[in-house]
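# Predicted model follows, preceded by the sequence.
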Amino acid sequence: MAVRRLAPADVQPKDFAFSAENLTWAKKQIEKYPPGREASAVIPLLWKAQEQHDGWLPEPAIRYVADMLDMVHIRVLEVATFYTMFNLEPVGKFLVQLCGTTPCMLRGAEDLKAVCERRIGHQHHVTKDGKFSWVEVECLGACVNAPMVQINADFYEDLTPASFDKLLDDLVAGKNPNPGPQVDRQFSAPQGGLTTLTDPAIYATAPRSGGPALDDSNAKKPGAAANVREAGVPRPPVGDSSGPRQN
Amino acid sequence: MPKLIVDGKEIEVPAEFTLLQACEAAGAEIPRFCFHERLSIAGNCRMCLVELVGSPKPVASCAWAVRDCRPGPKGEPPVVNTRTPMVRKAREGVMEFLLINHPLDCPICDQGGECDLQDQAMAYGVDKSRYVENKRAVEDKYIGPLVKTIMTRCIHCTRCVRFTSEVAGVSDLGAIGRGEDMEITTYLEHAMSSELQGNVIDLCPVGALTAKPYAFQARPWELIKTESIDVMDAAGSNIRVDTRGREVQRILPRTNEAVNEEWISDKTRFIWDGLRTQRLDRPYVRVNGRLQPASWNEAFAAIAARVKQAGAKRTGAIIGDLASVEESFAIKDLMTRIGSANVDCRQDGAALDPILGRASYLFNATIAGIEEADGLIIIGSNPRKEAPVINARIRKRWLRGGFPIWMVGEAADLTYQYQHLGAGAETLAKLGGEAPGKMERPLVLVGQGALARPDGAVVLSLAAKAAVTAGAIKDDWNGFSVLHTAASRVGALDVGAVPGEGGLNVAGMLEPKALEVLFLLGADEVDVPDGAFVIYLGTHGDRGAHRADVILPGAAYTEKNSTYVNTEGRPQLANRAAFPPGDAREDWAILRALSDVLGAKLPYDSLVGLRRAVYERHPHLALTDSIEPASAAAVEQLAARGGRTEKAPFQSPVRDFYLTNPIARASAVMAECSALAARKFATAAE
């Protein structure tokens, strides 16, 4: 992580104000908190301000939000600089957040970085047409689909340099690429279909001993002991004669 | 109270104590950077780690309460160790991490020699570094003309941030970024706006925040430290004056729980460059309209001739705001001896008079008593500008809750919330009929803004009535409190430096043609009419000296042994830290020498003799550092006086906090602060 600073004065807008719609939304957020605790709404409001202002948070917006919540300006600046989700400098229309943490790195994030550097330039740089900027981020929690990037609100996973390139092309062309894995795979299920538990026999319905322990019509009674199991007792695989395990 | 075993020693401490406090109570020394007694607990430096037996890891003792400790299996008291190898290793680890990004530029650091990090590295540091990577470097920030920043040295203890938001009440500083990249700054590097900002320099445990005017001036071990008393306001803050050779190099606070805790205002701290400039270092006599250097004898001869010609009735003296008890007493004595009753110490014309009883002009509740009050009515005062340290005390009490504050006078940002009742005497009169709220121990704070006006005496009476109505006068509580702005005032009133029978007060003396000869004892805030022969006895070439016909160079407060009585009525001794420049002498000695020439010799040849005379006449002044309580009956009598008031609203006399006296007006640092504050005010008004 690098030192985060506000954008230089010449790119800052003169002032900032919420649109009528966002203002209503903001007031609703503030109302969620008890009187005197309005400052709790600072993150949602900053987030909304960023959303309204082309994906980055200008300095006047920090003051605007501070004044709205009756906070000292420096306190809001502290929040805005603490969280990396607030972009303090202008970003492209498509902000590529590329995960560079270990699992993604092992699965080829470095190659994706090369694509970014070739197509967009160095980090935080916005392309001339204003379409793209990119930044390397820490783990976005999609390690099982590594390597991956987040573009604006969506995850694009299981990327290769080629598919990532195409993805960027599609975005430029205004197509709406499907978020999620960019390979033949559903979510984090195995690529090319299931590899285990494929025997249909295991899904054959075996006669149940007595149905689930609890169902909607037979709710848990108050006072039931904590060790009374709610879930059905696990059944052994078909053909196993050892009988249900008792605990 | 729970028991605790610290280093094998069993102690009993209150449950709300932290382990750090408990260890200190047991005599163990705990190193710390972020913890400070007067600030909230942050627990982020980890230097105060101790071993809590049973805990798998060392615990931060500053953030661990005694009540959070579990007893042993058989109910034995919890055991804390502060000297085991485990503790030592933990602290060494913390120190190593702190030093990773610390520049180790001690040889060029102003904090060198009085640095917590340096001292503790001596105990817990290692002599070489295992760190071969690049160190972090941080850009320095501009945070005002008083505090210099070298941010690479910052160890992120956040004491400064907590001080500004908690004690000073102006959330100027903040910590932006996070982790290693955390940086302390003000919003967009604006200058800090607190009058107490200099205290962050003392709080900073490293050399990240240092005094800008003192930068590269001296090393702490070269300085001679003299304990003294501040005269910039009437709070009487306890200070330490550090000198090298003849010059004052810096001023630091001394801890006095009853007065200033451990804070001082910026004016107190950074005034010292004013002690060097514009000084009067030899006598002057006006010849043909121009001031010419003269010898003491020539100056005295000129005065004697004029006094003789004018006669006692046409001679008077005005005592300024920085005069000590000794010289106030001496000049009063001198005037009495030559037969003049024209003496006044109330330069601003405040309607305070010792005849009304001592309780009528003291801060009877005492400064520490603010914390015992349960309500406050401010009348015609802006404590933030008039006595920032007392204002911090009010804020401290207000933060604790259950402390409603009402204000009659000029609305201003005081760093706490209050209910503004009205602007002037009419509102005050209403308070005499009905208290604004129900209070057990109300504090009625009366400022000079309410008293220094033609109807001041009536306002004083109305304020006393409001105090009586609110229930401020009880057997064990006297909440009627006058906040003075001049350090000399209470002492001078105590020695009776007010017009005697048939004498003129300040307004009377300043009438055109009222007097022929006028002594100004450091009085610069008055406009002397043409025609009077003015003798200015003071330290700086300020307004008074410009008007003077004879100038007698005196000693500033750091250059004489003297007594000052603060607004509570607490006499405190200021000690000489340096000598006055050139031919300048201590004021009382000048008056003594002059008295001989005037043929009214003062009967004391030494400071001891003078003090003996003062103490004989006013025994309570001998009780230094303690307050002789004044009889509250005076306030009740005062309340009964009443009278007619004027419509004008109350206005604080301190219009510019940084330029209230001749020393401050001679200071370049104060001038810069003043200009900055004016600019800020101008932008805020837009």
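Perfect, I can see it now. Numbering: from 1, shown residues only, chains lettered A, B, ... in the order given.
# and stretch B:663-681 with chain A, contact?
No - Stretch B:663-681 does not reach chain A (CB under 8 Å from any CB of the partner chain); its nearest approach is 14.0 Å. In this view, the C-beta of every residue, glycine as well, is placed from N, C-alpha and C.
# Is residue 201 part of a helix or strand, or is it coil?
This is for chain A. Per DSSP: H, G, I helix; E, B strand; the rest coil, the local secondary structure of residue A:201 is helix.
# burial measure for it, as a count.
Residue A:201 is flanked by 8 other residues according to other CB atoms under 10 Å in any protein chain shown.
# what's the distance between it and chain B?
50 Å (CB to the nearest CB, to the nearest Å).
# Residue A:104 too?
Distance from residue A:104 to chain B, by CB to the nearest CB: 21 Å.
# Please, where are all the strands along chain A?
A:94-99, A:132-137, A:149-151, A:154-157, A:180-181 (DSSP state E).
# For chain B, find the nearest of those strands.
Nearest to chain B, of all the strands of chain A, is strand A:132-137, at 14.6 Å by CB to the nearest CB.
# Show me which residues of chain A sit near chain B.
Residues of chain A found near chain B (CB under 8 Å from any CB) are A:1-4, A:6, A:59, A:72-75, A:77-78, A:81-82.
# all helices of the stretch 1-150 of chain B, in order?
With helices called from DSSP state H, counting those that start in this stretch, the stretch 1-150 of chain B shows them at B:19-25, B:85-100, B:116-124.
# which residues touch the residue nearest to the spatial centre of chain B?
Residue closest to the average C-alpha location in chain B (CA atoms, centre = their mean): residue B:237, at 3.9 Å. Contact analysis of residue B:237 by CB atoms under 8 Å, 6 or more residues apart in numbering or on different chains lists B:229-230, B:253, B:256, B:259-260, B:263-265, B:268, B:389.
# Mind giving me the packing neighbours of the host helix or strand of residue B:673?
Residue B:673 is part of helix B:668-685, with elements assigned from DSSP states H and E. Contact partners of helix B:668-685 among helices and strands, from 3 or more CB pairs under 8 Å, 6 or more residues apart in numbering or on different chains; DSSP states H and E: helix B:266-270.
# picking up where we left off before, rebuild the strands of chain A as a markdown table, extending it with mean pLDDT, mean neighbour count and distance to residue B:114.
Formatted as a markdown table, those follow (pLDDT from 0 to 100; neighbours: other CB atoms under 10 Å in any protein chain shown; distance: least, CB to CB, whole Å):
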| stretch | mean pLDDT | mean neighbour count | distance to residue B:114 |
| --- | --- | --- | --- |
| strand A:94-99 | 95 | 23 | 47 |
| strand A:132-137 | 94 | 22 | 43 |
| strand A:149-151 | 95 | 22 | 50 |
| strand A:154-157 | 94 | 20 | 54 |
| strand A:180-181 | 92 | 20 | 61 |
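# nearest to residue B:331, of these?
With CB to CB as the measure, strand A:132-137 is the member of those nearest residue B:331 (73.8 Å).
# So for the closest residue to residue B:513 other than its chain neighbours, what pLDDT did the model give?
Spatial nearest neighbour of residue B:513, excluding adjacent residues (CB to CB, 6 or more residues apart in numbering or on different chains): residue B:531 at 5.9 Å. On pLDDT, residue B:531 comes in at 89.
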